[in-house]
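In: sequence first, then the predicted structure:
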Amino acid sequence: MIIDKLYKEVQAKGNVCIGLDTHLDYIPEDIKLKYKDVDEIIFRFNKKIIDCTEDITAIYKLQIAYYEAYGIKGLIAYKKTLEYLRSLKALTIGDIKRGDIQSTADMYAKGHFEGDFEVDFITLNPYMGFDSITPYFKYLDEGNKGIFVLLRTSNPGAKDIEYLDVNGEKLYYHIGNKLEELGTKYMGQFGYSLIGGVVGGTHTDEAIEIRERYKNMYFLIPGYGAQGAKGQDVNLYLNNGNGGVVNSSRGIITAYKKHEDGIGNFEKYTREAVFSMREDIGYEK
Ligand SMILES: O=c1ccn([C@@H]2O[C@H](COP(=O)(O)O)[C@@H](O)[C@H]2O)c(=O)[nH]1
């Protein structure tokens with residue numbers, strides 16, 4: 001099962017999920033001068049990141065907005081990056097945050113679990129209801145695909161809706177309870193299901209309770225670095241160092257910019273950022 005592969009990748013390489021949220025402003029001038037087309041510029045930058053981190057990174061997350069923003073060429077870069085990651089047998093998350101009626105969800109599932117944009121995991125927004133999530137389950141049945149559903153997100157506005165009191169309990173717990181129950185049908189060998197949850201590392205007040213309640217749930221934990229979450233925060237969502245991957249996008253892919261000699265030492269500073277994040281989370285090899 002794909003969740004077992006992720007578990008093993010984390011055991012072997014640590015919890016880092018690199019977010020390939022590639023804005024043109026993040027790309028060094030030498031790459032922009034060398035390649036003419038936007039798709040090639042973005043892809044070459046992503047490849048450079050991947051090539052120097054693949055042995056210390058559990059999974060890569062591509063936030064699709066960064067590719068859609070550059071139109072057709074951006075989506076070509078998305079496709080090329082996914083193809084390259086697949087050729088390396090690296091795991092991928094398409095951060096697409098979809099949520100819609102069943103007939104439309106069927107097409108989103110086909111669009112991101114098959115064909116040009118195929119990934120191993122996608123993110124989903126459950127706030128239209130559980131019938132907007134179940135259409136993806138036919139791909140889970142085979143064990144090769146998984147989902148991460150938004151529970152308690154990392155943004156300050158998470159409190160506006162996700163924290164609303166519903167029958168004496170925060171709304172996100174109602175979602176988590178249902179997902180934990182649905183996940184029992186898709187359990188992998190290490191005790192985690194193909195139905196995971198997104199929990200922001202920036203809010204940790206109920207992190208221990210969330211980890212305790214949702215024993216089957218693998219977590220995608222954004223918010224590390226640029227949004228302020230630290231290793232000790234995200235660690236609360238882990239189980240003996242596994243059970244979750246921690247995303248950092250800007251913190252890793254722009255790490256080279258923090259150094260005067262960053263362009264000439266791009267690989268060195270990118271790797272250093274991953275090593276220091278792994279260590280901060282508490283990964284021990
Ligand atoms: O609750 C959430 C869910 C998703 N994200 C996504 O993660 C990355 C964070 O980027 P950083 O540069 O590391 O802040 C980005 O793709 C978001 O769309 C999130 O931040 N919070």
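Out: Sure thing, it's come through. These numbers were taken from a predicted model, which means no experiment stands behind them.
In: which intervals of the stretch 101-250 of the chain have sub-threshold pLDDT?
Out: In the predicted model, the stretch 101-250 of the chain carries no residue with pLDDT under 70.
In: near the ligand, which residues of it are found?
Out: 153-155, 198, 200, 222-223, 225-227, 247-250 (CB under 6 Å from any ligand atom). C-beta: built from backbone N, CA, C; applies to glycine.
In: beta-bridge partners for residue 60, please?
Out: residue 18, residue 92 (DSSP bridges).
In: just checking, it touches residue 18?
Out: Yes - assessed by CB atoms under 8 Å, residue 60 is found in contact with residue 18 at 5.3 Å.
In: which ones are touching residue 247?
Out: By CB atoms under 8 Å, 6 or more residues apart in numbering, residue 247 lies in contact with 17-19, 61, 220-224.
In: and it, bridged to which residues?
Out: Beta-bridge partners, per DSSP bridges, of residue 247: residue 17.
In: the helix or strand where residue 137 lies packs against which elements?
Out: Element membership of residue 137, judged by DSSP states H and E, is helix 137-140. Where contact means 3 or more CB pairs under 8 Å, 6 or more residues apart in numbering; DSSP states H and E, helix 137-140 is packed against helix 102-113.
In: report all helices and strands that the helix it packs on contacts.
Out: strand 92-98, helix 137-140.
In: can you lay out these as JSON lines showing mean neighbour count?
Out: Listed next are the helices and strands packed on helix 102-113 as JSON lines, based on neighbours: other CB atoms under 10 Å:
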{"stretch": "strand 92-98", "mean neighbour count": "21"}
{"stretch": "helix 137-140", "mean neighbour count": "18"}
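In: among these, which is nearest residue 1?
Out: helix 137-140 (9.3 Å; CB to CB).
In: isn't residue 270 up against residue 255?
Out: Yes - contact status for residue 270 versus residue 255: in contact at 5.4 Å, counting by CB under 8 Å.
In: show me where the stretch 51-200 of the chain has its helices.
Out: With DSSP state H, counting those that start in this stretch as the criterion, the stretch 51-200 of the chain has helices at 65-68, 71-87, 102-113, 137-140, 158-161, 171-183.
In: so what's the closest residue to residue 257 other than its chain neighbours up against?
Out: What sits nearest to residue 257 in space, not counting adjacent residues and going by CB to CB, 6 or more residues apart in numbering, is residue 26, at 7.6 Å. Contacts for residue 26 (CB under 8 Å, 6+ apart) come out as 45, 250, 253-254, 257.
In: tell me the spacing between residue 26 and residue 42.
Out: Residue 26 sits 10 Å away from residue 42, going by CB to CB, to the nearest Å.
In: check the secondary structure at residue 3 for me.
Out: The three-state assignment at residue 3 reads helix, by DSSP: H, G, I helix; E, B strand; the rest coil.
In: give me the nearest residue to it, chain neighbours excluded.
Out: residue 188 (4.3 Å).
In: pretty sure the one you found contacts residue 144?
Out: No - under the criterion of CB under 8 Å, residue 188 is not in contact with residue 144, lying 11.6 Å apart.
In: these two - which one has more neighbours?
Out: Neighbours were counted for residue 188 and for residue 144 using other CB atoms under 10 Å; residue 188 has more, 19 against 13.
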